[in-house]
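In: How does the following fold in three dimensions:
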Amino acid sequence: MRNELTELEQCVLGVIWRDGPMTAYQIAALFSSSLSPYWSGSAGAIYPVVARLRRRGLVKAAPRAWNGKRRMLLSASERGREVLREWIAPPLPPEAGAPSYDPVRTRLFFIDVLPPDQRAEVIDEAERVVRERLADVQKQRREDLASGNTSEALGGLGAIYELQARLRWLRVVREQITQRD
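Out: Okay, here's the model as predicted:
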């Protein structure tokens, strides 16, 4: 089933395994609070994923009273845990080694449409937003370490290294654009 599920479906399955039992609403809230804009926490994304995982028998649901209403608490089935282990284990797909989504890099492909003074402003702004996000991720990682959430802290460390590398790259971009202009 490795290639049959999307990365989002696999990630939702992983969250249910790690943090469950939980409701689809709690899953959506968790994705919405993520420091990464990559994952959508919208109900339009999460609820259909949960429904597909349930239909495939990867997630089971148990009705529970919740704030005066009936909610379904989701947990990973044994088959779901098997699929999760298969997804995490080697071999990783080639796209796992691909560069991360980077809206700054995408914009820089077209930076020559701007006059030289605005090009420098773009780099200033890019460095500012990356530094802010880096500070957010570092703070979250400290909180994860303090609470013993080591898997989240490891993921946060990867994000920290990526953002630090992006800042180094932006310094080189600035140098090259300045020399060229």
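
In: Measure how buried residue 76 is and give me the count.
Out: 22 (other C-beta atoms under 10 Å). Glycine gets a C-beta too; all of them are placed from N, C-alpha and C.

In: quick one: low-confidence parts of the chain?
Out: 1-3, 40-41, 43 (pLDDT under 70).

In: in it, which spans are helices?
Out: 7-19, 24-32, 43-55, 78-88, 103-108, 116-146, 150-180 (DSSP state H).

In: Residue 95: which of the ones you listed is closest?
Out: When the helices of the chain are compared for distance to residue 95 using C-beta to C-beta, the nearest one is helix 7-19, at 8.6 Å.

In: That closest one versus helix 43-55: what angle between them?
Out: Angle, helix 7-19 to helix 43-55, by axes from the mean of the first three to the mean of the last three C-alpha atoms, to 10 degrees: 70 degrees.

In: now the helices of the chain as JSON lines including distance to residue 62?
Out: Listed next are the helices of the chain as JSON lines, based on distance: least, C-beta to C-beta, whole Å:
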{"stretch": "helix 7-19", "distance to residue 62": "12"}
{"stretch": "helix 24-32", "distance to residue 62": "13"}
{"stretch": "helix 43-55", "distance to residue 62": "12"}
{"stretch": "helix 78-88", "distance to residue 62": "14"}
{"stretch": "helix 103-108", "distance to residue 62": "40"}
{"stretch": "helix 116-146", "distance to residue 62": "29"}
{"stretch": "helix 150-180", "distance to residue 62": "25"}
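
In: what would those helices look like in JSON lines with distance to residue 94 and mean neighbour count?
Out: Rendered in JSON lines, the data for the helices of the chain read as follows (distance: least, C-beta to C-beta, whole Å; neighbours: other C-beta atoms under 10 Å):
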{"stretch": "helix 7-19", "distance to residue 94": "13", "mean neighbour count": "19"}
{"stretch": "helix 24-32", "distance to residue 94": "25", "mean neighbour count": "18"}
{"stretch": "helix 43-55", "distance to residue 94": "23", "mean neighbour count": "16"}
{"stretch": "helix 78-88", "distance to residue 94": "15", "mean neighbour count": "16"}
{"stretch": "helix 103-108", "distance to residue 94": "20", "mean neighbour count": "14"}
{"stretch": "helix 116-146", "distance to residue 94": "26", "mean neighbour count": "15"}
{"stretch": "helix 150-180", "distance to residue 94": "19", "mean neighbour count": "14"}
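
In: Quick check: which of these is nearest to residue 69?
Out: helix 24-32 (10.8 Å).

In: which strands and helices sit next to that closest one?
Out: Helix 24-32 sits against helix 7-19, helix 43-55, strand 69-76, with contacts defined as 3 or more C-beta pairs under 8 Å, 6 or more residues apart in numbering; DSSP states H and E.

In: Good, wrapping up.
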